[in-house]
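Trainee: Need a 3D model of the following:
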Amino acid sequence: QLQLVESGGGLVQPGGSLRLSCAVSGFTLDSYGIGWFRQAPGKEREWVSCMSTGGSSTNYADSVKGRFTISRDNAKNTVYLQMNSLKPEDTAVYYCAGPVDQLRRLCLTSVELFRSWGQGTQVTVSS
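Mentor: Residues are numbered from 1 along each chain as shown. Here you go, the predicted structure:
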C-alpha cells in the first residue's frame, strides 16, 4: 500500500517561497517516479511537476517553470517541491502522487496515470 503525506503548505505573500515535502511509505522511493499536482477551488486538478526514478528526468508545467524545483532524498523517502516567486494564482491544494506500477519509473504528467495520492497541503499566496 503506497502512502504519501504532504506537508509544508501555508500562507505566504506574493514573491515569497515555500518548500513542500512529500513523505512516502509502503514502497522504496528510488523505485518510483513522483508527481506533484494542484487543485484550486472550482478548478480541475492540474499537473505541476514530476521526477522519474533517480531524478534523471524532471518536467514542469509552463506556469511554474523557472520558479519551482522538484527534488528527492531517497534516504529519507521524501520528495520536495521548492516554490519560489510565488504568485496569487499558485494558490491551491497541492498533492503528491505515485504512479501506476506499470509506469512507475517514469516522469508522468497525466492525472489518470497516478493511483496513489496524499491528502494535500494548502498553499495560499496573498498579501
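Trainee: going forward, measure contacts between C-alpha atoms and count neighbours the same way
Mentor: OK.
Trainee: looking at it, residue 122 is touching residue 10, isn't it?
Mentor: Yes. The criterion here is C-alpha atoms under 8 Å, and residue 122 meets it with residue 10 at 6.1 Å.
Trainee: The two: which has the busier surroundings?
Mentor: residue 122 (20 against 14; other C-alpha atoms under 10 Å).
Trainee: for the more buried one, helix, strand, or coil?
Mentor: strand (DSSP: H, G, I helix; E, B strand; the rest coil).
Trainee: does it have beta-bridge partners, and which?
Mentor: Here residue 122 sits in beta bridges with residue 93, as judged by DSSP bridges.
Trainee: tell me the contacts of it?
Mentor: Residues near residue 122 by C-alpha atoms under 8 Å, 6 or more residues apart in numbering: 9, 10, 91, 92, 93, 94.
Trainee: which one among those residues gets closest to residue 63?
Mentor: residue 91 (12.5 Å; C-alpha to C-alpha).
Trainee: Report how many residues lie close to the closest residue to the closest one other than its chain neighbours.
Mentor: Nearest residue to residue 91, sequence neighbours excluded (C-alpha to C-alpha, 6 or more residues apart in numbering): residue 124, at 4.6 Å. A count of nearby residues for residue 124, using other C-alpha under 10 Å, gives 21.
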